[in-house]
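# coords please:
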Amino acid sequence: MWIRLHGAVRGYRFMSGGQMEHDGDIGHFRRKSQIRFRARHRIRKFSQFLEDFKANPYPYLRNAPRYVCDMMEHFGTEKVDRVGISDKRWLVFNLDFGNRSESLIGQEGVQNAIYRQLKQFASRSRSDKLVLLHGPNGSSKSTTVAALMHGLTNYSTTDEGALYRFNWMFSDRLDNADQIGFEPGDSESPESYAFLKPEELTSKIPCELKDSPLFLIPRHERKDFILDAIASNPTASDKSEFNFEWAMDGDLCPKCKWIYEALLSAHHGDWYEVIRHIQVERFFFSPRYRLSAISIEPQGNIDASVRPLNHENYPLPKLLRNIPIFEASGDLIDANRGIVEYSDFLKRPLEANKYLLTTSEKGTIHLPSYTAHLDLVMCGTANEKQLNLFKRNPDFSSFKGRLSLIRVPYLLQYSREAELYDRHLEMSKNCRHVAPHTSTVTALWAVLTRLRRPSPKNFSPDLAPIVARLTPMQKAHLYNHGEVPLDSREVDQMILRNNIRTIREEHEESEGEFEGIYGAEYEGRRGASPREMMALLSEASENSMDRCLSPFAVFEQIEKLIKDISVYEFLRLPIDNGYNDCSRFIEEVREFYLKRAHEEVYSSIGLVDESEYARVLAQYFKHVKAFSLGERLHIASRDEYVDPSEDLMERMEKLLDIKDDIRAFRTNLMTRIGAFSFDNPDEKVDYPQLFPEIFSQLKASLYKEKNRMSHPVEENILRYFTDEKENLDPAEIVAVETALDRLSDRHGYCPSCARDVMAFVLRNR
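Numbering: from 1, shown residues only. Next comes the predicted model:
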């Protein structure tokens, strides 16, 4: 028989008895599937499981929270700067192994809080609280849990992430065949039904809770067996927060216990005859197939139920047909040995959640004729407003001790927020070309709406007057990359840099009332939601008549948004000394964009090479260092030593508009360089990155010096896109096209948005 696939002939030949002879792709897929199946040790007999356990007991003694911790450690960490503060990021949330479009951007504080809580669960040998991620709408609570589930899915396919459950195997024909159930090549007497062929199998009864095969060992012997294995593998006991009491004290689920006891009785207490019926099977996490990674929606079905297992609805072996056996099912049962998420937890009816008081604390769920002992990490997500309302409920006191609250605020670094919007635009279908800075200006405006005014009374006397002068835009830059106002005194700049964490934590415990609801008012609690801003970007792309999605279209869309005061609650916040002034923020972000556009246009015209800024800055710091240390500079080209140039340093300080004590300014620069070198001994100092405010001021000052020289080229660029192009001479056309090429190559402009940005710059000289 020949089957044609996609126009190509593939040879599927059916032999006698229905056997198929494979060649081509089918044969290749078959071989790969078999290799992968064997490599992952998908099926084992119980004796093999015991041998593997004794060789390396640790992986088999992990409960759910310990397993999730190991998964996070498997992917590793990296050092990042969060709001000007060094922090640790768990790389599992990057999703480098899967779909990066679903990765978690920022939220390192949340990641570390989750890990710490899991470690506590692991040390207590069970997860006895529900981890509730709470925050404003769209703050990536569900994204955080989804990333954990994706990480578990990937980790469970690795050797170190292997997990095992067991099945009960029965065959009515076993007594009539000598070699049924053997592994291929096994010549001993029948010892295991683990490898029964389908035609020899009467019934296969899985453990729906996916319990550990260790529970099949009688409890008295199990404890000694585990302790002996640990003693033979001291590295296992060296693991931090490693508690395996659950493995010694746990027991089979009710269904498996009934089967176990029935077999034990039938064989007069011969335990060996019981475990002959065991097939040890590896399983893998899968959110898609709801296997140990389950998300329960607020309107979901009953979380767990039970049904009788009888011969009418299941092919039970004769031994079990007269025994009352019950089987559990439902989301909680499917999630066992893994993680379950209650999405929008507080939107569920309170009565539907009350069983969790016992389930979260004791790890059990009581059903008719069935009590399930669970091993899973329970988590949920909740909107901050719902949590505040729930705290008013008399039942909250009962839930409080069973909840571990982890706050998930909005991002306060606009560069991180911009990454979120960049990803959204990349994923958007039919999205036009995106002009440079589109995501950045959107993110900056969103972050400005989230910031709260610093209150001087909350700070020390030396810091109070400084934060009192801090504008929303200055605070946004401070949080984003540690930039301080360059027009402030040098001593004030130093105090500000040293207290970024203090400023960031000012409102962590703040509470207040808004529109009749009293609750938390931390920074990042209110403001424009990323979800709303992504919708705004999509609308701007659809509504704009331009070829490109540009900051101009975004500004126009934001101006429409701020008119919907009844829709967006952050627009109803009272203006507080410049903060919460969403209309004014549009103008400030427009000025921010103008400055960026100026610099790029200036760079593209080529009056000063882009690398010249960094070179001039490095030269200045070299002279300042020699001046501060009282040393001379070595000039390699002339092989001679010279004194640091006071003229060069004064020229730079004039460009930087330094009005304070020059000597103190230079000393502070050296202090910052020294601190960086101490923390990063193997890294070369990147002056523009270490001193962003100085680098920015230098570019602005040099631009002012040569501004007039750029005007003719800017005007020629605008003429180039009109009928006046024919009036340009060849040299002018070459200059224009060179500038446009630089705008494209260096900054990502297309001809359309290059023309628009030139017009914008000219209008706002």
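# Touching, Lys625 and Met670? I think so.
Yes. Taking contact to mean Cβ atoms under 8 Å, the distance of 6.4 Å between Lys625 and Met670 places them in contact. Heads up, the C-betas are built off the backbone N, CA and C, glycines and all.
# buried sites along stretch 350-359?
Neighbour-count burial for stretch 350-359 flags Asn353, Tyr355, Leu356, Thr359 (criterion: 16 or more other Cβ atoms under 10 Å).
# Need the pLDDT of the closest residue to the first one other than its chain neighbours.
It refers to Asn353. Among residues not flanking Asn353 along the chain, Phe345 sits closest, at 7.2 Å (Cβ to Cβ, 6 or more residues apart in numbering). pLDDT, Phe345: 94.
# if I pick Phe345, what's in contact with it?
If you count contacts by Cβ atoms under 8 Å, 6 or more residues apart in numbering, Phe345 has them with Leu130, Leu132, Pro298, Asn353, Gly380, Thr381, Ala382.
# Quickly find the element holding Ile205.
Here Ile205, judged by DSSP states H and E, is contained in strand 203-206.
# That strand packs against which elements?
Where contact means 3 or more Cβ pairs under 8 Å, 6 or more residues apart in numbering; DSSP states H and E, strand 203-206 is packed against strand 163-170.
# quick one: strands adjacent to the strand it packs on?
strand 203-206 (antiparallel), strand 278-283 (antiparallel) (DSSP bridges).
# of the buried residues of stretch 350-359, closest to Ile43?
Taking Cβ to Cβ as the measure, Thr359 is the one of the buried residues of stretch 350-359 closest to Ile43, at 32.3 Å.
# Report the spatially closest residue to the residue nearest the centre of the chain, excluding sequence-adjacent ones.
For the chain, the residue whose C-alpha lies nearest the mean C-alpha position (Cα atoms, centre = their mean) is Leu104; its distance is 2.6 Å. Leaving out its chain neighbours, the residue that sits closest to Leu104 by Cβ to Cβ, 6+ apart is Phe93, at 4.0 Å.
# mind listing which of the contacts of Phe345 are in strands?
Leu130, Leu132, Gly380, Thr381, Ala382 (DSSP state E).
# how about Arg89, secondary structure?
Going by DSSP: H, G, I helix; E, B strand; the rest coil, the secondary structure assigned to Arg89 is strand.
# Offset the numbering so it begins at 31, please.
From this message on, residue numbering opens at 31, which makes the last subject Arg119.
# And Lys240, its phi and psi?
Listed backbone geometry of Lys240 is phi 60, psi 40, with angles given as degrees, to the nearest 10.
# actually Arg146, not the one I typed
Per degrees, to the nearest 10, the backbone of Arg146 is at phi -60, psi -40.
# Burial check on it, number of neighbours?
By other Cβ atoms under 10 Å, 12 other residues sit near Arg146.
# Kindly provide the distance from it to Asn263.
Separation of Arg146 from Asn263 (Cβ to Cβ, to the nearest Å): 27 Å.
# Show me how this protein divides into domains.
What automatic domain parsing lists as the domains of the chain is 31-69, 444-624, 635-667+705-793.
# Adding mean neighbour count and mean pLDDT, write those out as CSV.
Listed next are the domains of the chain as CSV, based on neighbours: other Cβ atoms under 10 Å; pLDDT from 0 to 100:
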stretch, mean neighbour count, mean pLDDT
domain 31-69, 10, 58
domain 444-624, 18, 93
domain 635-667+705-793, 15, 82
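# any chance of those domains in TSV, plus distance to Phe420?
Formatted as TSV, the domains of the chain follow (distance: least, Cβ to Cβ, whole Å):
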stretch	distance to Phe420
domain 31-69	47
domain 444-624	10
domain 635-667+705-793	43
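# Asp786 - nearest residue in space that isn't next to it in sequence?
Here the nearest residue to Asp786 in space, its sequence neighbours aside, is Ser580; by Cβ to Cβ, 6+ apart that works out to 6.2 Å.
# list the contacts for that neighbour?
Counting by Cβ under 8 Å, 6+ apart, Ser580 makes contact with Val464, Ala465, Thr468, Ser574, Cys783, Asp786.
# And the first one, how far from Trp475?
By that I understand Val464. In terms of Cβ to Cβ, Val464 sits 16 Å off from Trp475.
# Next: the fifth one.
In this structure, Cys783 and Trp475 are separated by 19 Å, where distance is defined by Cβ to Cβ.
# One more: the third one?
The spacing between Thr468 and Trp475, counted by Cβ to Cβ, is 12 Å.
# next one: the second one
Plainly put, Ala465 is 16 Å away from Trp475 if you go by Cβ to Cβ.
# Then the fourth one?
In this structure, Ser574 and Trp475 are 17 Å apart, going by Cβ to Cβ.
# what's the closest of the contacts of Phe375 to Asn510?
Nearest to Asn510 among the contacts of Phe375: Thr411, at 27.0 Å, using Cβ to Cβ.
# ok, now which ones touch the closest one?
Leu162, Leu163, His164, Lys171, Ser172, Val175, Glu371, Tyr372, Ser373, Asp374, Phe375.
# swap the cut-off to 7 Å and go again
Thr411 makes contacts with Leu163, Lys171, Ser172, Val175, Glu371, Ser373, Asp374, Phe375, as judged by Cβ atoms under 7 Å, 6 or more residues apart in numbering.
# Same check on Ala465?
Counting by Cβ under 7 Å, 6+ apart, Ala465 makes contact with Cys578, Leu579, Ser580, Pro581, Tyr779, Cys783.
# Quickly name whichever of those is closest to Asp669.
Relative to Asp669, the closest of the contacts of Ala465 is Tyr779; by Cβ to Cβ it sits at 45.3 Å.
# Which helix or strand contains the nearest residue to the closest one once chain neighbours are set aside?
Ranked by Cβ to Cβ, 6+ apart and with sequence neighbours excluded, the top spatial neighbour of Tyr779 is Leu773, at 4.2 Å. For Leu773, the element it lies in under DSSP H and E is helix 760-777.
# what ranges do the helices span in the stretch 631-780 of the chain?
Using DSSP state H, counting those that start in this stretch, the helices of the stretch 631-780 of the chain run over 640-659, 676-685, 692-709, 717-720, 722-735, 737-750, 760-777.
# Correction: the previous question concerned the stretch 181-330 of the chain.
Secondary structure of the stretch 181-330 of the chain (DSSP H, counting those that start in this stretch): helices located at 249-262, 264-267, 275-279, 284-296, 301-305.
# What is the distance between the second one and the centre of its chain?
Spelled out, it's helix 264-267. 31 Å (Cα atoms, centre = their mean, to the nearest Å).
# Check what contacts that helix and list those residues.
By Cβ under 7 Å, 6+ apart, the list of residues contacting helix 264-267 from outside reads Pro87, Tyr88, Ile260.
# Of those residues - the most surrounded one?
For the contacts of helix 264-267, the largest number of neighbours (other Cβ under 10 Å) sits with Pro87, at 24 neighbours.
# Correct me if wrong: that residue contacts Ile260.
Yes. In this structure, Pro87 is within contact of Ile260 by Cβ atoms under 7 Å, at 5.9 Å.
# what's the closest of the contacts of Phe375 to Gly636?
Minimum distance to Gly636 across these is 52.0 Å, recorded for Thr411 (Cβ to Cβ).
# Grab the nearest non-local neighbour of the closest one.
In this structure, Thr411 finds its nearest non-sequential neighbour in Lys171, 4.1 Å apart by Cβ to Cβ, 6+ apart.
# Then Arg620?
The spatially closest residue to Arg620, leaving aside those adjacent along the chain, is Phe585, at 6.1 Å (Cβ to Cβ, 6+ apart).
# quick one: secondary structure of the one you found?
The three-state label for Phe585, taken from three-state DSSP, comes out as helix.
# and if you look at the one 3 residues further on?
Here Ile588 is helix, with the state taken from three-state DSSP.
# what sits against it?
Contact criterion Cβ under 7 Å, 6+ apart gives Trp475, Leu566, Ile616 as the residues in contact with Ile588.
# Take those residues and lay them out in TSV including distance to His250 and secondary structure.
What follows is these, written out as TSV (distance: Cβ to Cβ, whole Å; DSSP: H, G, I helix; E, B strand; the rest coil):
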residue	distance to His250	secondary structure
Trp475	67	helix
Leu566	65	helix
Ile616	73	helix
